[in-house]
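>>> Give me the fold of what follows.
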Amino acid sequence: MLRNLLLALLVLCVLSPTFSFGQTKKKYIVNGYVGGFRGLVKTEEIDVEKLTHINYAFVNVKDSLAVLTNLATDSTNFRKLNELKVKNPDLKILISIGGWAWSENFSDAVLTETSRQKFAKTSVDIIRQFNLDGVDIDWEYPAMRGEEGNIFRPEDKQNFTLMFKAIRQELDLLEKEKGRKFQLTTAVGASQSFVDNTEMGLVALYTDYIYIMTYDYGGRNGTVGHHTNLYSNGESSSADKSVKSFMAAGVPASKIVLGAAFYGKGFEAETISNHGLGEKRIKSVQGGGYTKLKDTLIDQNGYKKYYDKKAKAPYLFNDSTKVLITYDDEKSIKLKCKYVKKNDLAGIFFWEYFNDPKEYLITEISKNLD
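A predicted model of the protein is given here:
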């Protein structure tokens, strides 16, 4: 009888390539940031079935409180985002607190146990009030300068960890109250200095996912470089370097989410040598979202497309204006998805959903992280 059972299982395996012994197919994170700070979000234009998560950006930090800056707009956006769950019941919607422009008060907000509890409670109260699914922290940056005027201090290194502990405790209370799980995540700077100024191995104990912002790199020492390249060309930082840095700091691969840019960044180079790459940077110029780049600039209007095989990154260069535009395209997105799978990462995320309204890149993600 046992022999017949084993034979039946063997036949099932042969006939069904997807059959597995008690294993389910891995579900990768696909998270799109949505900029609610601009006003009402056009939720009807979100292809929600291609997403697992939406991070709503941003919630402000004032007087040790998590603060919605435009309650009327934010509350409408939360209602409309929740309605997307009709099409995708598994969708998770998180508030993202901070961002580049609203990180100046984080250091004060988490300075003492009392202030941390205040901040944690008001963060989770927003989740409770609007029936959302979790909190994402985007502090740019603990213990080091972000935007000019930001408050930062050495104590941020430990307080960054203690902040997540406090929020996790508040979320645990909410889980008991609601009888379901709530997530805690963080978007983190991709630099080695960010790792050095935090305790990421400890932070990972309290968080569900770590979103590494593997974009906005640029060249070193005032030169023109890639901004969202997968590998280094010898002159640049890279997503691969960042991932390895966070893993060395104790963050499990299973919690790391790789960043992609749905926008390009432009730089004027001093000369046309090497199509501007690695040349002295004169100034930053407008890049634009990927749909705009693909439809109006790639091999058009004086721009020629090039590909850095070592960095696995595309770029445009205009010989007459000496402007280089660095970005992600379908090919680099496909390679990032392959990298996620190869290294057993949690998934991929991107800034920002509406930078690519024709869905060139999210379609590529959907095809390659199925």
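
>>> where does the chain have low pLDDT?
1-24 (pLDDT under 70).

>>> And the strands in it, which stretches?
29-35, 53-62, 65-67, 92-98, 134-138, 183-189, 209-213, 256-261, 263-269, 281-289, 303-308, 313-318, 323-326, 347-351 (DSSP state E).

>>> Can you spell out which helices and strands pack onto the shortest one?
Strand 65-67 is packed against strand 53-62, helix 113-130, with contacts defined by 3 or more Cβ pairs under 8 Å, 6 or more residues apart in numbering; DSSP states H and E. For every residue, glycine as well, the C-beta is placed using N, CA and C.

>>> go again using 6 Å as the cut-off
For strand 65-67, the packing partners by 3 or more Cβ pairs under 6 Å, 6 or more residues apart in numbering; DSSP states H and E come out as helix 113-130.

>>> counting contacts, what elements does the helix it packs on pack onto?
strand 65-67, helix 156-178.

>>> CA atoms of stretch 43-55 as CSV?
The C-alpha coordinates for stretch 43-55 follow below in CSV (Å, rounded to 0.1, in the frame of the first residue of the first chain):
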residue,chain,number,x,y,z
THR,A,43,-7.2,56.0,-6.7
GLU,A,44,-9.2,54.9,-9.7
GLU,A,45,-5.9,55.1,-11.7
ILE,A,46,-4.1,52.6,-9.4
ASP,A,47,-3.7,49.2,-10.8
VAL,A,48,-4.2,47.7,-7.4
GLU,A,49,-4.1,44.0,-8.5
LYS,A,50,-0.4,44.5,-9.2
LEU,A,51,0.4,45.7,-5.7
THR,A,52,0.6,44.1,-2.2
HIS,A,53,1.2,47.3,-0.3
ILE,A,54,0.5,51.0,-0.6
ASN,A,55,2.5,53.4,1.6
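
>>> Show me what that stretch is in contact with.
Contacts of stretch 43-55 with the rest of the structure, by Cβ atoms under 6 Å, 6 or more residues apart in numbering, involve 29-34, 80-81, 84, 87-88, 92-94, 96, 136, 359, 362, 366.

>>> PyMOL command to pick out the buried ones of those residues?
Buried subset of the contacts of stretch 43-55, written as a PyMOL selection, criterion 16 or more other Cβ atoms under 10 Å:
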select buried, resi 29+30+31+32+33+34+81+84+88+92+93+94+96+136+359+362+366
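
>>> and residue 229, how many neighbours does it have?
27 (other Cβ atoms under 10 Å).

>>> so how far is residue 142 from it?
Going from residue 229 to residue 142 by Cβ to Cβ, to the nearest Å gives 25 Å.

>>> what does residue 87 give?
37 Å.

>>> quick one on the thing from earlier: distance to residue 175 added to the strands of the chain, as a markdown table?
A markdown table is the format used below for those (distance: least, Cβ to Cβ, whole Å):
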| stretch | distance to residue 175 |
| --- | --- |
| strand 29-35 | 20 |
| strand 53-62 | 18 |
| strand 65-67 | 18 |
| strand 92-98 | 14 |
| strand 134-138 | 11 |
| strand 183-189 | 10 |
| strand 209-213 | 17 |
| strand 256-261 | 22 |
| strand 263-269 | 36 |
| strand 281-289 | 37 |
| strand 303-308 | 46 |
| strand 313-318 | 41 |
| strand 323-326 | 42 |
| strand 347-351 | 23 |
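
>>> Which among the ones you listed is found nearest to residue 335?
Residue 335 lies closest to strand 313-318 among the strands of the chain, at 9.2 Å (Cβ to Cβ).

>>> so what strands line up beside that closest one?
strand 303-308 (antiparallel), strand 323-326 (antiparallel) (DSSP bridges).

>>> Work out the gap between the last one and the centre of the chain.
Read that as strand 323-326. Relative to the chain's own centre, strand 323-326 is displaced by 22 Å; criterion: Cα atoms, centre = their mean, to the nearest Å.

>>> contact partners of that strand?
Taking Cβ under 6 Å, 6+ apart as the rule, strand 323-326 contacts 224, 226-227, 264-269, 276, 285, 287, 315-317.

>>> Count the neighbours of residue 149 for me.
7.

>>> Span of stretch 98-112 from start to end?
Distance across stretch 98-112, first residue to last, is 19 Å (Cα to Cα, to the nearest Å).
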